[in-house]
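[1] requesting a structural model of the entry that follows:
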Amino acid sequence: MLFRVNAEEPFFLTQKFIAARKQAGLPGEVVNILSMNVHAGAEALTVYSASKAALAVITKNAAQSHRHDRIRLNGINVGWVYTPAESNMQANILGKGESWLAQAEEVQPFGRLLKPDDIANLAVFLLSEVSSPITGSIIDQEQWVIGTPQ
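    Predicted coordinates for the structure are as follows:
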């Protein structure tokens, strides 16, 4: 199921989008939402991580294949984001209680978790002409630098 949602469906949607843009003779932009888990991920998230890594390869492959069509594809590796679903997961499913957010934000370098608007702002940039001709880039939107001591 995760591969269908995280890799197969974006692949087929991207194919249809590219075909429509090419048929109309128009440029286009795609931003795929990935995850920092593409770098390895927690052992409990192996399938999720692999599905997002597959989408990263799909993104880069399509960017390479369609650069001469002026169709740009990029991806965002999203870090830890505060959402209602994350709050429910942390507080209730994982049993951390209502104080989980304050505790999590206390140890973040910038003092907070990412917010959906943070990801939206980067996506808007990547979809705009301001970011042209960037294509095939996978951007880590995270407070921690991969490969450095935490």
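[2] what about Glu86, neighbour count?
    When neighbours are defined as other C-beta atoms under 10 Å, Glu86 has 15 of them. Every C-beta, even on glycine, is put in place using the N, C-alpha and C of the backbone.
[3] please begin residue numbering at 35 from this point
    Done: numbering now begins at 35, and the last item shifts to Glu120.
[4] next up, the contacts around it.
    Residues near Glu120 by C-beta atoms under 8 Å, 6 or more residues apart in numbering: Trp114, Leu147.
[5] what do you get for Ala138?
    Contacts of Ala138 (C-beta under 8 Å, 6+ apart): Trp114, Gln124, Leu147.
[6] let's see it at 10 Å
    The neighbours of Ala138, taking C-beta atoms under 10 Å, 6 or more residues apart in numbering as the test, are Trp114, Tyr116, Glu120, Gln124, Lys130, Arg146, Leu147.
[7] please apply the same query to Ser166.
    Pro61, Glu63, Arg104, Arg106, Leu160.
[8] of the residues you listed, grab the buried ones for ChimeraX.
    To isolate the buried subset of the contacts of Ser166 in ChimeraX, counting by 16 or more other C-beta atoms under 10 Å, use the following:
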select :63,104,106,160
